[in-house]
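Novice: can you look at this prediction? I've put the sequence above it.
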Amino acid sequence: MPDRTHRYQVSLLWTGNGGNDGASRQAPQRSYELHCPGRPVIDGSAAPAFRGDAQKWNPEKLLLGALCADHQLWFIHLCTAMGIGILSYADHAEALLEEFEDGSFSFTQVILRPHAALSTAHDIQQVIDLHQDAAMRSCIARSVSFPVLCEPRVTGAQ
């Protein structure tokens with residue numbers, strides 16, 4: 001049983017009607033806006049492979065970004081708690097989405113490729129091992145049904 005529950009809410013507004021009355025045979029656009037009080041609106045669309053707008057965020061990239069961000073936040077927290085200074089952090093992640101014979105889709109794997117540059121001298125392997133701890137603590141990674149792999153790289157203090 002959880003000790004605490006946190007609630008998150010967003011609102012989605014479909015913006016792809018294009019002025020149609022809803023009965024038109026013209027294909028609607030696959031665009032939307034995500035709203036959350038006090039935050040910038042996120043313009044979204046389907047992925048280009050699904051006739052979406054390549055200039056907007058799609059759900060697949062938003063999920064991948066959420067996995068990256070949650071991992072990064074935990075990793076930085078764990079490093080800070082151990083007195084490990086981080087000079088920079090970047091991740092270049094990739095998600096694999098497979099289509100099945102019935103036309104449905106599913107993510108089958110995500111690979112995080114974080115690179116952290118240390119500002120203080122520490123055992124590189126110990127820092128790399130913190131990525132495993134971060135992965136185990138990530139609520140986003142723990143909530144998905146596909147593997148989230150991590151291929152970390154750590155650069156020591158110069």
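Specialist: Yes, it's here.
Novice: low-confidence stretches in the protein?
Specialist: 1-2, 19-27, 158 (pLDDT under 70).
Novice: all strands of it, in order?
Specialist: 11-14, 31-35, 42-45, 86-91, 94-99, 105-112, 114-118, 148-150, 153-155 (DSSP state E).
Novice: reformat the ones you listed as JSON lines; add distance to H77 and mean neighbour count.
Specialist: C-beta: built from backbone N, CA, C; applies to glycine. What follows is the strands of the chain, written out as JSON lines (distance: least, Cβ to Cβ, whole Å; neighbours: other Cβ atoms under 10 Å):
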{"stretch": "strand 11-14", "distance to H77": "29", "mean neighbour count": "10"}
{"stretch": "strand 31-35", "distance to H77": "26", "mean neighbour count": "17"}
{"stretch": "strand 42-45", "distance to H77": "25", "mean neighbour count": "18"}
{"stretch": "strand 86-91", "distance to H77": "11", "mean neighbour count": "14"}
{"stretch": "strand 94-99", "distance to H77": "24", "mean neighbour count": "13"}
{"stretch": "strand 105-112", "distance to H77": "16", "mean neighbour count": "16"}
{"stretch": "strand 114-118", "distance to H77": "13", "mean neighbour count": "19"}
{"stretch": "strand 148-150", "distance to H77": "16", "mean neighbour count": "18"}
{"stretch": "strand 153-155", "distance to H77": "16", "mean neighbour count": "16"}
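Novice: domain assignment for this structure?
Specialist: Each domain of the chain is listed here as a residue range: 11-50, 59-155, per automatic domain parsing.
Novice: the helices in the chain, which residues?
Specialist: 59-81, 124-137, 139-143 (DSSP state H).
Novice: quick check: closest non-adjacent residue to R51.
Specialist: R30 (6.1 Å; Cβ to Cβ, 6 or more residues apart in numbering).
Novice: now swap in P114 and tell me
Specialist: Going by Cβ to Cβ, 6+ apart, P114 has D91 as its nearest residue, at 4.4 Å.
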